[in-house]
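Colleague: sequence plus the predicted model coming up.
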Amino acid sequence: MPDRGYASARAGSHTALTPAQQRQVVRRILERYPRTYAQEVGIGSLDSPSGLFQLLVMATLMSARIRSSTALTATKALFAHRWTSARAMASSTWAQRTEVLNHAGYARYDESTSRMLGETASMLLERYRGDLRRLREEAAHDPAAERRLLKCCKGIGEVGVDIFFREVQCAWSEIYPFADRRALGAAQTLGLAADADSLSRLARGADFVRLVVGLVHLDLEGSYDEVAI
């Protein structure tokens, strides 16, 4: 089944698996999706202002109702122009960003997303000096407060925060283990787990992050039969 944006394309539920079968399914997912979305677009450390800003840009683009592959292509195009920090993004013009997004195939949302990226960059510079680690400090490392503050960024809603949280949990320990509704739905479909804590017992640390992102990837593709037992 093709990726139709962020609307779920979930297959029918599989029967409950034994622990050994669960580990086998997890291995298949990790082998099929060896990189997270952040790694796919070339984002480095998520413990730096630039890396966190890039992740926020990716989350903004991926949360729109558009194919994830198109959103990732557009994200890479923005980064290719070195708009990889709040200051660099704010220094670009609306027209420049719109042109890059349009040429990358992000045509339906190019103008509105260009505006949102510019407004978010300016807000981050004014409020946090362009460093989302300051947002984390303002939230006192509380995930609920972090979610609320992130939603102050233009274009970031619940889905956008979920995308951001999925990847940033490797650097922001207070969020770990985190799995959003889509990832958990895919996990249940495969007979793995119904909550993040249970899922984290099947893969830990960086592997858990890759597993959660892989489950989302799997659901977007509708490729359950490729890993199911």
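Modeller: Sure thing, it's come through. None of the values given here were measured: they were computed from a predicted structure. Numbering: from 1, shown residues only.
Colleague: contact partners for Thr75?
Modeller: By CB atoms under 8 Å, 6 or more residues apart in numbering, the contact set of Thr75 is Val41, Gln54, Val57, Met58, Leu61, Met62. No exception for glycine: its C-beta is placed from N, CA and C like everyone else's.
Colleague: quick one: low-confidence residue ranges for the protein.
Modeller: 1-15 (pLDDT under 70).
Colleague: list the buried residues of the longest helix seen in it.
Modeller: Using DSSP state H, we find that the single longest helix of the chain is helix 110-128. Judged by neighbour count using 16 or more other CB atoms under 10 Å, the buried positions of helix 110-128 are 110, 113-114, 116-118, 120-125, 128.
Colleague: which residues touch the residue positioned nearest the centre of the chain?
Modeller: The centroid of the chain falls nearest to Ile163 when counting by CA atoms, centre = their mean (2.9 Å). Going by CB under 8 Å, 6+ apart, Ile163 touches Tyr37, Met58, Ala59, Met62, Ser63.
Colleague: looking at the contacts of Thr75, state which has the most neighbours.
Modeller: When neighbours are taken as other CB atoms under 10 Å, the top entry among the contacts of Thr75 is Leu61 (29 neighbours).
Colleague: wait, Ala86 touches Glu126, no?
Modeller: No - using CB atoms under 8 Å, Ala86 is not in contact with Glu126; the gap is 9.6 Å.
Colleague: which residues do the two both contact?
Modeller: Counting by CB under 8 Å, 6+ apart, Ala86 and Glu126 have no contacts in common.
Colleague: from Leu78, how far out is Asn102?
Modeller: 12 Å (CB to CB, to the nearest Å).
Colleague: can you check Arg201 too?
Modeller: In this view, Arg201 and Leu78 are 37 Å apart by CB to CB.
Colleague: ok, these two, which is more surrounded?
Modeller: The neighbour comparison of Arg201 against Leu78 (other CB under 10 Å) goes to Leu78, with 26 against 12.
Colleague: my read is that the more buried one contacts Val57, right?
Modeller: Yes - the pair Leu78 / Val57 is scored as a contact, 6.3 Å apart, by CB under 8 Å.
Colleague: tell me the domain ranges of the protein?
Modeller: Here the domain assignment for the chain is 19-36+177-226, 40-168, based on automatic domain parsing.
Colleague: just the C-alphas of the longest helix of the chain, formatted as CSV.
Modeller: Taking C-alpha atoms only, helix 110-128 is exported to CSV below (Å, rounded to 0.1, in the frame of the first residue of the first chain):
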residue,chain,number,x,y,z
ASP,A,110,5.7,25.5,-0.5
GLU,A,111,4.4,29.0,0.2
SER,A,112,2.9,28.4,3.6
THR,A,113,5.7,26.2,4.8
SER,A,114,8.3,28.8,3.7
ARG,A,115,6.5,31.4,5.8
MET,A,116,6.3,29.1,8.8
LEU,A,117,10.0,28.3,8.7
GLY,A,118,10.9,32.0,8.6
GLU,A,119,8.6,32.8,11.4
THR,A,120,9.8,29.9,13.6
ALA,A,121,13.4,30.8,13.0
SER,A,122,12.9,34.4,14.0
MET,A,123,10.9,33.3,17.1
LEU,A,124,13.7,30.9,18.1
LEU,A,125,16.3,33.5,17.7
GLU,A,126,14.4,36.0,19.8
ARG,A,127,13.3,33.6,22.6
TYR,A,128,16.0,31.0,22.7
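Colleague: tell me where this structure has helices.
Modeller: Using DSSP H, helices in the chain cover 19-32, 37-40, 49-62, 68-80, 86-91, 94-103, 110-128, 132-138, 143-150, 158-168, 181-189, 196-200, 206-221.
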